[in-house]
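> take this sequence and fold it.
(2 chains)
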Amino acid sequence: MESPTPNALPRDSALPPGRPRQVAVIDIGARAIRLDISEITPDGGMRLLESVQQAVSLGRNTFGAGSIDRESIEECVAILKGFRQVMSEYGITDPAQIRAVATSSVREAANREAFLDRIYIATGINVDVLEDAEVEHLIHVAIHSLFETIPTLNSGEVLIVEVGGGATRLLLIQDGYVTYSGTYKLGALRMQETLETSLTPYDRLCAVLDQHIQKTINQMKDTVPTRTVPRLIALAGDMETAMRRLLPGWEANDTVRLNMARSTLAERIVSTPPEKLMQKHHLPPQEAETAGQALLIYDRIARAFKVKEMLVSAQSMRRGLLMKMAGISVTHTRYAEQLAHSASALGRKYHFDEKHGVHVADLSLKLFRALRSEHGLGPHAEILLRTAAILHDIGAFVSNNSHHKHSMYLILNSELFGLTRKDNTMVALLARYHRRSVPRLTHPEYAALDRDSRVAVAKLAAILRVADAMDRSHLQHIRDIECSREDRRFVVTVPDVEDVTLERLAIKEKGSLFESIFGLQVILRTAQNLKGSSYDG
Amino acid sequence: MANPSPLAFNRELSWLEFNQRVLDEALNRSLPPLERLKFLAITASNLDEFFMVRVGGLQQLLQGRTARDAAGLTPREQLTRISDRVHAMTLSQRACLREIENELETHHVRRLTGDQLSPAQTHHVQHVFTHEIFPLLTPMAASAPAPFPPIPGLTLCLLIRLSPKASSRKNRYVILALPRSISRTVNLEAEKGSAYLLVEDAVGLHLGPCFPGERILETATFRITRNADLAVREDLAGDLLSEMRQVLTRRRESACVRLELSADASGDCRDFLKRALDIDETDIYSMAPPLALSSFLNLGPAAGNPTLRAPSWEPRLSPLAPPGDSMFSLLSRQDLLLHHPYESFEPVQRLVQQAADDPDVLAIKQILYRTSPNSPVVAALARAAERGKQVTAIVELKARFDEARNINWADELENAGVQVIYGIKGLKTHAKLCMIIRRETTGIRRYLHIGTGNYNETTARLYTDVSLMTCAEDLAADAALFFNTITGYSQPVKYRKIEAAPIGLRDRLLELIEGETARASQGQKARIMAKLNSLVDPKLIDALYAASCAGVQVDLNVRGICCLRPGVPDLSERISVISIVDHFLEHSRILYFLHGGEPQVFISSADWMPRNLDRRIELLVPVEDEACRSRLIAILETCLADTAKGRRLQSDGTYRPVPPSGAKPGHRSQQWLYEEACEKEKAARGQPAVFQPHRPALTP
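Below is the predicted model:
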């Protein structure tokens, strides 16, 4: 049950000026449902007004029995009804003000559709089930401010780890860019459910858990493209209350630094009965039961990658969701840069003509911006176009014949950090449609898209074709362009190039999609033409 | 109050000492007679509650384990000492009443007995009896074969002994309960001044016609007190409300813990009641009539003569909250601290009332605990809900003895559309908090009222309390979270600034005390000042002892129970405790920790008792606004320096007046604070805060 554009940035970001708006983010997790009520000011400032959380047993249900039982569903309904009340106290009643998401504990449930329908019917709240890739992306967005406040994080390697109830997520950041992201089915609660550790004596628990954790750690070592990472940022996620109470010195906001060398905190907490944690440290029950497990996973990952310094942060996916609702431009720019970086990395893997790819991307963006009023697409489409432009020729690695089709399936089968599955499909289709056949409903990937996305693909493909044509020589002759409209013509003026014959030919060959979509004929004009335009007629 | 344990005082005996201090005010000849009578009535009603709750509870404990308390006393030992102490206190109360009545007589206010009435007065009494009293009386046969009738607690009763029937030699008894709705006095016209007759005497005069054909041998007055401390097992009942209604009726049937009996009652009467009520000899308090001194609080006939009363201290308006000003614009500029009842409660009501009418207000949340009937706050909440605002009221049904009143407005509020929540199961919501969510052009702003007293306009004129009104962001976020926790929308998570019982409050207090201890151990200056109603909690007392030993100067102003034993070498020599009993009831809780020179000041709803810290929802709120903080420190210092009404707790458990320093007359803190409020108000009037430019009137 995906919304049409689950990962969409606000379309054409112009917010109505004036008053701040109140929004709510709801995160349905394995152990708890959390609600953040925030305020977004017209300049993109954010202010957290309230945080509310309630324990649920979704994770226990899904990871243990494979589906969510009636009782848990009704428990969630009751909690969300309460949340509606809290939201209404801030005037939050319009669905546009509310973003509700769920992760693995709902996604993996056999009866997830029934669960989501029941929630929608009873509370009017539409819950999006997020893919792992989306969650990873949201985490990346959320920790942005951390990288701003601690600039040293932007050089060298940092491993971001979030241990949730059902999954552990890793993001490897090298010199400020995500170079690897992955989600592993190792979670504090999942581990407890699979191992049925409730019967294990406390003195043996640590050893049992360690054995289990080690399997995933080995897997991580195989996939994470580095052996050691000096710094690790642990996101407290849905263990925030526990972490705040257990970690000494973690007051109010931001982060706390942990000395890894001598810490035995994880072992100590694992071997402490939850009742005692509740009593002594006032942990909420669901966190008391898994705090030790979570800490142990953090600890073991840190040791596996020989981490020297661990930072614990309260930033969470919810903050990422909020920042996206706020449409904060810095996020957008950073996201675009990150994606371009990932795309180039993928391209290099297939020995692509990087100069050509990047150049076509540049030209595409120039055309995209010049045609804003014609295509009416937002910044997210812009990012997809740029990514596709960088990667459009990577299929040549396989064979030059039908290389556009090879580009498509290479992209379809690659992970590009920050792209949802649908985004990925769109990028792959764009690469495919950079030459030869125009989009057709007989193409299954294209036909599977919703109408809006199909239209977007067609528009973006039209632009990509023209941009590609303008670098037919692969020599990046055409750099600066000026665009204008004359009658039913879209005139691209190239001031500093004299001979554009090749490109004109290419446009003639590839421009028909553009013409049929935008109703404009593409005309390439040089400066000479411009001078002569007085007698050109 | 000799005590076997060196470490702490017994809380019941400490409480009795407090009641003695109130009685001392009643015995204070320098006070006007009606002020003295007020204090006397308070001691009596205090004792009533004490027996219902504490003695009742202790008597129940007799059936179970005989654990010793912190002072090393078993329940039986405690009960014996209580009984001794109260018997003595009762005698003292009688003597006090005689003294006051004598003084009133010199002012021509006389209590008459039946045989002192003039013919005109007799006629008037007859009239009142027939029309106002008799219709409300229901004589109940009390001797076999009739079962002993149910008698409501704390109600004055007449026991009437009738002569035996012809065929028998057994006395017959009839009980006549005088409903509490009947005025205690029949006011009479007198040649000079005024006079009154007690209602039991009026009834006694006219008993004959109630028992036609019978011979009345004797009439005695008595009053019983029932155990109120029924353990209400919340986990057993689903519907708290109906449970409370049940308790209200159960309470009437619960065990008799005290019998007050007029001293002129015969041995027959005494034995009859003792057997019928199944009560121990030590729980019978025989005393010279009249009984039930608590109803002397409003002595009708003398009310008109102001010279007999203490000058009334009308609440003054704080110059910081000029009448009519919008509380929202005021609070958005600065925090506001009010000290009631020196300063009026009006701005607090105004905040809620303006919130109800303000179109930008989205929601109001409020805890109601012991609110007065017809409260404007309650009315404003209902109005706000009718206007479509989200209104939540947490109505605490377990406010002792106020249940019946509470249930009423709960219904009314619900009808108006207010979301009414009956507290958290197992915990009494004692915090005083109101939050208003308002959408302003710059975004959401949340206004708070945080108090040490209840939203009760009547007690706000009698109790000293502190109100903090603010829209500070951190406190607002905490308040929002606090409300979500107690309304069940959220699990308790960590607050930014405040602490709340039962989860973190004691730990925080311990941290604060231990912080001072640590500083003192390192040779820094360290000081604690605290103003509380009661200090009982053993952990906190131990922490204070440790602080004293480390060199922390601890100055406490504890009005009521104080189990801490001050001034003991190597234990508590740096702790001093004073108690103030004066015109207003001392009620605010203010805490001060020197904190290395950056004082931390708090207001709180919680007394330092296990009950408050473990079984109640209470708040501890830091006051960070500089002006408000200085004001609170000044209040603490003023109270701690009281040499007129202050009594210092001695290490043997007794209280002694604090001698004024030098030749100056005693410093009476309440008077000082009141005069300060008056001066501030006057100064503000003399000098308008806002100059209004004179503009020529516009002609239409």
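
> so how far is chain A from residue B:374?
Distance, residue B:374 to chain A, by Cβ to the nearest Cβ, to the nearest Å: 27 Å. C-beta coordinates here come from the backbone N, C-alpha and C atoms, glycine included.

> for residue B:134, same thing?
54 Å.

> tell me the contacts of that residue?
Residues near residue B:134 by Cβ atoms under 8 Å, 6 or more residues apart in numbering or on different chains: B:206, B:210.

> mind checking pLDDT for it?
pLDDT for residue B:134: 89.

> parallel or antiparallel, list what pairs with the helix or strand harbouring residue B:448.
According to DSSP states H and E, residue B:448 maps onto strand B:443-451. According to DSSP bridges, strand B:443-451 forms sheet pairs with strand B:432-440 (antiparallel), strand B:463-470 (antiparallel).

> tell me the mean pLDDT for it?
Averaging pLDDT along strand B:443-451 gives 96.

> what's the answer for stretch B:611-629, then?
On average, the pLDDT along stretch B:611-629 is 91.

> list the buried ones in that stretch?
Buried positions in stretch B:611-629, judged by neighbour count with 16 or more other Cβ atoms under 10 Å in any protein chain shown: B:611-613, B:616-623, B:625, B:628-629.

> now swap in stretch B:85-101 and tell me
Using 16+ other Cβ under 10 Å as the test for burial, stretch B:85-101 gives B:85, B:86, B:89, B:90, B:92, B:93, B:94, B:96, B:97, B:99, B:100.

> so of those, which ones are in helices?
Those of those mapping onto helices are B:85, B:86, B:89, B:90, B:92, B:93, B:94, B:96, B:97, B:99, B:100, per DSSP state H.

> contacting residues around the second one?
Under the criterion of Cβ under 8 Å, 6+ apart, the contact partners of residue B:86 comprise B:16, B:47, B:285.

> filter these down to the ones in helices?
Counting by DSSP H, the part of these found in helices is B:16, B:47.

> closest to chain A out of the contacts of residue B:86?
Taking Cβ to the nearest Cβ as the measure, chain A lies nearest residue B:16 of the contacts of residue B:86, at 35.4 Å.

> which residue packs closest to that closest one, ignoring adjacent ones?
Spatial nearest neighbour of residue B:16, chain neighbours left out: residue B:85 (4.9 Å); criterion: Cβ to Cβ, 6 or more residues apart in numbering or on different chains.

> looking at the helix or strand where residue A:211 lies now, give me its mean pLDDT.
Element membership for residue A:211 (DSSP H and E) is helix A:202-223. Taken as a whole, helix A:202-223 carries a mean pLDDT of 89.

> so which bits of it are buried?
Buried, per 16+ other Cβ under 10 Å, within helix A:202-223: A:205, A:206, A:209, A:212, A:213, A:216, A:217, A:220.

> closest to residue A:95 out of the buried residues of stretch B:611-629?
Closest approach to residue A:95 among the buried residues of stretch B:611-629 (Cβ to Cβ): residue B:617, at 34.4 Å.

> which SS class is the closest one?
Following DSSP: H, G, I helix; E, B strand; the rest coil, we place residue B:617 in the strand state.

> kindly report the same for residue B:672.
Relying on three-state DSSP, one would call residue B:672 helix.

> pLDDT score for the closest residue to it other than its chain neighbours?
Using Cβ to Cβ, 6+ apart and skipping the chain neighbours, the partner closest in space to residue B:672 is residue B:638 (5.9 Å). pLDDT, residue B:638: 95.

> residue B:638 belongs to a strand?
No: when three-state DSSP is applied, residue B:638 is found to be helix, with no strand at that position.

> next up, the contacts around it.
Contacts of residue B:638 (Cβ under 8 Å, 6+ apart): B:669, B:672, B:673.

> of the residues you listed - the most surrounded one?
Within the contacts of residue B:638, neighbour counts (other Cβ atoms under 10 Å in any protein chain shown) peak at residue B:669, which reaches 25 neighbours.

> so which residues of the stretch 201-350 of chain A form strands?
Using DSSP state E, counting those that start in this stretch, the strands assigned to the stretch 201-350 of chain A run over residues A:231-235, A:255-259, A:309-313.
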